[in-house]
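A.B. asks: 3D model of this:
(chains A and B)
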Protein chains: 2
Amino acid sequence: MKHGGDLSDAIAQYGGGPPAWLDLSTGINPCPWPVPAILAAEVWQRLPSRADHEALIAAARAAYHVPAHADIVAAPGTQGLIQWLPHLAPPGAVAVVGPTYSEHAIAWRAAGRDVIDVDSIEAAVARAPHVVVVNPNNPDGRIIDHPSVMQAARAVQRNGGWLVIDEAFVDTSPRSSAVALCGDDPIVILRSFGKFYGLAGIRLGFAIAAPSVTKTIAAALGPWSCSGPALAIGTAALRDHEWAEQTRGDLREMAQAMDRVLTRGGLELIDGTALFRLARHHDAAVVHARLARQHIWCRRFDHADDLLRFGLPPDMAALDRLAAALGSDA
Amino acid sequence: MKHGGDLSDAIAQYGGGPPAWLDLSTGINPCPWPVPAILAAEVWQRLPSRADHEALIAAARAAYHVPAHADIVAAPGTQGLIQWLPHLAPPGAVAVVGPTYSEHAIAWRAAGRDVIDVDSIEAAVARAPHVVVVNPNNPDGRIIDHPSVMQAARAVQRNGGWLVIDEAFVDTSPRSSAVALCGDDPIVILRSFGKFYGLAGIRLGFAIAAPSVTKTIAAALGPWSCSGPALAIGTAALRDHEWAEQTRGDLREMAQAMDRVLTRGGLELIDGTALFRLARHHDAAVVHARLARQHIWCRRFDHADDLLRFGLPPDMAALDRLAAALGSDA
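C.D. replies: Coordinates of the predicted model:
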């Protein structure tokens, strides 16, 4: 499977309607920021205004602690930014620190760039002017510390490239974010709204970088790139710092409970983030199929047939269901 | 003003809160397709699935009468497609038939293309491999007939270019659409969902072209480019053929009533579409300011200081308000 989050394959193979399934195949928070039941009609009807857009940007600057000399631009999902970056970056190849989220390499290759797979940021800067790293990494949760980011940024700057840091899963460990290092250097940080706020359907993501870079990205995206509902909901959610703080704690707690269930279920815990856990099992395919027969969908990987990734369940009842399914012979 | 539909400038200059204003500066249907008051929570929370996407595409194929040998791809707004096309088309300059919607020329120029302004489709094909024409044109409503489109398509094919036809406003006169001519030729048609359905905030648009071209566009957009709400609402609205038929009639009727008001108000009617009307006045700036002081916002143009464009009012009371404002000395 190429990505998590789509039950179409699961249902085709194992039956059951969507409500029957416990979908643990994504890293999306299953307890979303509470969208108001009814939105103002105008968010659907009119084109988003400059004022709507400025309110979102101000809320995002504060939530992500964007330094004054850096800038931030909004897009209809981080994926939309991943698609554009290879068309906007200066000429040259890219080194992608992997294994990681596959769409970075796909997008750079589709734009005609040479893509070099490397396994560390140190190797990356030596191999290509542009570097892409996912931090914390998906699926293994590996975190690159600030001194390493700064060292890489200096090398990338000498090489005339961009250092793209995809922080899609950093919200639960905000001190790992490199946003504070961003500004008059080659760092381009991607932040995903939908994962931590549990609202992947609204399509909202951000790039944080030097103003010259965000200006290039904004010109490529053009006017009205984000929807009215994304602007309205994104602004309100990003202003809700109390919810974010509470949610960070809740997710960490659920991740710990999940680790105990996975370990007791015979899996070896590797790491991950507070939004998903990565575990090893010598018979991962068998475990995956056993869970699928009980309509629990977790994530397998092409690059390693002994790994499984589990998104968080929405509540303890769902966690108990996973525990029972792991222990069963079904 | 660069675009209609943003009251920020109007309010800054003339005061009044948004509810005080009658915004006639866009070509967006003021009587939208009725969005359900409450959407399923999952459209916000999960990533749009392949099944969601396929349902939208099937509904759009039927609504737009896409021929079997052509294909259709969805994007987060036609503007998003306008941004991508210059990065995806074969090398070469573009001729834009104008004056018209300004973002086409902006996007091709930003992608490093030579942009040639021409005033007819015949002149366009003689000047550049790629041609962009808005049909019906915005703001003057000029329609290019099918024989002219086919003749242009043959010339563009010989030149190895794309013939981009922006049909943003064709929904009220569907027989003017060139969709039926689309398939194994260089025609790329853009269809806007938000204007006719009155839901510009959800950001949804389509490109209809030969499968080789839509495949290139889809790869550039990447996965999950459209939001969950856009897919859900777009699918339901595009299936609602009865609403579309009724709305075409209603809009034509309101456009005729509007013409009478504008003419009685001393403006010379030029043309337009059933979603906006273009009129001439030797003191257009004075008329624009007089209406603005009464919190009615219509559209002026950089390319002609004697033109004003009026979107449709939502009801007869609003039309009466325009009539009174045009007749007043305020």
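
A.B. asks: what does stretch A:308-318 rub up against?
C.D. replies: Contacting residues not belonging to stretch A:308-318 are listed as A:4, A:22-31, A:139, A:251, A:254-255, A:257-258, A:262, A:267, A:272, A:274-281, A:284, A:287-288, A:298-301, A:319, A:321-322 [Cβ atoms under 8 Å, 6 or more residues apart in numbering or on different chains]. Any C-beta I mention is one placed from the backbone N, CA and C, and that applies to glycine too.

A.B. asks: Parallel or antiparallel, which strands does the strand ranked longest in chain A pair with?
C.D. replies: In chain A, with assignment by DSSP state E, the single longest strand is strand A:304-311. Strand A:304-311 has the following strand partners under DSSP bridges: strand A:276-280 (antiparallel), strand A:299-301 (antiparallel).

A.B. asks: Can you check the distance spanned by stretch A:62-72, start to finish?
C.D. replies: 11 Å (Cα to Cα, to the nearest Å).

A.B. asks: picking that back up, tell me the average confidence for the helix or strand that the longest strand of chain A is followed by?
C.D. replies: Proceeding N to C from strand A:304-311, the next assigned helix or strand is helix A:316-327, under DSSP states H and E. On average, the pLDDT along helix A:316-327 is 96.

A.B. asks: Of all the residues in helix A:316-327, which ones are buried?
C.D. replies: Residues of helix A:316-327 classed as buried: A:318-319, A:321-323, A:325-326 (neighbour count, 16 or more other Cβ atoms under 10 Å in any protein chain shown).

A.B. asks: ditto for stretch A:44-63
C.D. replies: Neighbour counts over stretch A:44-63 (16+ other Cβ under 10 Å) mark A:44-49, A:52-53, A:55-57, A:59-61, A:63 as buried.

A.B. asks: who's in contact with the longest helix seen in chain A?
C.D. replies: Counting by DSSP state H, the longest helix found in chain A is helix A:241-264. With Cβ under 8 Å, 6+ apart as the test, helix A:241-264 has contacts from A:29, A:31, A:33, A:63, A:171-172, A:174, A:196, A:237, A:269, A:272-275, A:277, A:279, A:310, A:312-313, A:316, A:319, A:322-323, A:326-327.

A.B. asks: Restrict that helix to CA atoms and write it as CSV.
C.D. replies: C-alpha atoms of helix A:241-264 as CSV (Å, rounded to 0.1, in the frame of the first residue of the first chain):
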residue,chain,number,x,y,z
HIS,A,241,-3.3,27.1,22.4
GLU,A,242,-5.0,25.5,25.4
TRP,A,243,-6.4,22.7,23.2
ALA,A,244,-3.0,22.2,21.7
GLU,A,245,-1.3,21.9,25.0
GLN,A,246,-4.0,19.5,26.4
THR,A,247,-3.8,17.4,23.2
ARG,A,248,-0.1,17.0,23.3
GLY,A,249,-0.4,15.5,26.8
ASP,A,250,-3.4,13.3,25.8
LEU,A,251,-1.6,12.0,22.7
ARG,A,252,1.6,11.2,24.6
GLU,A,253,-0.5,9.3,27.2
MET,A,254,-2.4,7.3,24.5
ALA,A,255,0.9,6.5,22.7
GLN,A,256,2.3,5.1,25.9
ALA,A,257,-0.8,2.9,26.5
MET,A,258,-0.5,1.8,22.9
ASP,A,259,3.2,0.8,23.4
ARG,A,260,2.1,-1.5,26.2
VAL,A,261,-0.6,-3.1,24.1
LEU,A,262,1.8,-3.6,21.1
THR,A,263,4.6,-5.0,23.4
ARG,A,264,2.1,-7.4,25.1
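
A.B. asks: and the angle from it to helix A:316-327?
C.D. replies: 20 degrees (axes from the mean of the first three to the mean of the last three Cα atoms, to 10 degrees).

A.B. asks: who does whichever helix or strand comes after helix A:241-264 pair up with?
C.D. replies: Per DSSP H and E, the first helix or strand lying C-terminal to helix A:241-264 is strand A:268-273. Applying DSSP bridges to the sheet, strand A:268-273 is found paired with strand A:276-280 (antiparallel).

A.B. asks: For the strand it pairs with, what does the pLDDT average out to?
C.D. replies: Mean predicted lDDT for strand A:276-280 stands at 97.

A.B. asks: Return the distance of it from the chain's centre.
C.D. replies: 16 Å (Cα atoms, centre = their mean, to the nearest Å).

A.B. asks: Stretch A:319-330 too?
C.D. replies: From the chain centre to the centre of stretch A:319-330 is a distance of 28 Å (Cα atoms, centre = their mean).

A.B. asks: Mind exporting the C-alpha coordinates of that stretch to CSV?
C.D. replies: Only the C-alpha atoms of stretch A:319-330 are listed here, as CSV (Å, rounded to 0.1, in the frame of the first residue of the first chain):
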residue,chain,number,x,y,z
LEU,A,319,-7.3,0.3,22.2
ASP,A,320,-8.9,-2.7,24.0
ARG,A,321,-10.2,-3.9,20.7
LEU,A,322,-6.6,-3.8,19.3
ALA,A,323,-5.3,-5.6,22.3
ALA,A,324,-7.9,-8.3,21.9
ALA,A,325,-7.3,-8.7,18.2
LEU,A,326,-3.5,-9.0,18.7
GLY,A,327,-4.0,-11.7,21.3
SER,A,328,-6.6,-13.6,19.3
ASP,A,329,-6.0,-16.4,16.8
ALA,A,330,-8.7,-15.0,14.4
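
A.B. asks: buried set for the helix or strand bottoming out on mean pLDDT in chain A?
C.D. replies: Every helix and strand of chain A was ranked by mean pLDDT, DSSP states H and E. The lowest is helix A:8-14, at a mean of 91. For helix A:8-14, the neighbour count (16+ other Cβ under 10 Å) marks A:10-11, A:14 as buried.

A.B. asks: List of residues touching that helix?
C.D. replies: Outside helix A:8-14, the residues touching it (Cβ under 8 Å, 6+ apart) are A:1, A:17-18, A:21, A:23, A:25, A:292-293, A:295, A:297, B:49-51.

A.B. asks: Could you identify the helix or strand that succeeds that helix?
C.D. replies: Following helix A:8-14 toward the C-terminus (DSSP H and E): strand A:22-23.

A.B. asks: moving C-terminal of that following strand, what's the next helix or strand?
C.D. replies: helix A:41-45.

A.B. asks: Show me what secondary structure element comes after that following helix.
C.D. replies: Beyond helix A:41-45 toward the C-terminal end (DSSP H and E), the next one is helix A:50-64.

A.B. asks: list the helices and strands that next one packs on?
C.D. replies: Packing contacts for helix A:50-64, counted by 3 or more Cβ pairs under 8 Å, 6 or more residues apart in numbering or on different chains; DSSP states H and E, involve strand A:71-75, strand A:205-209, helix A:228-239.

A.B. asks: mind redoing it with 10 Å?
C.D. replies: Applying 3 or more Cβ pairs under 10 Å, 6 or more residues apart in numbering or on different chains; DSSP states H and E, one finds that helix A:50-64 contacts strand A:71-75, strand A:187-192, strand A:205-209, helix A:228-239, helix A:241-264, helix B:8-14.
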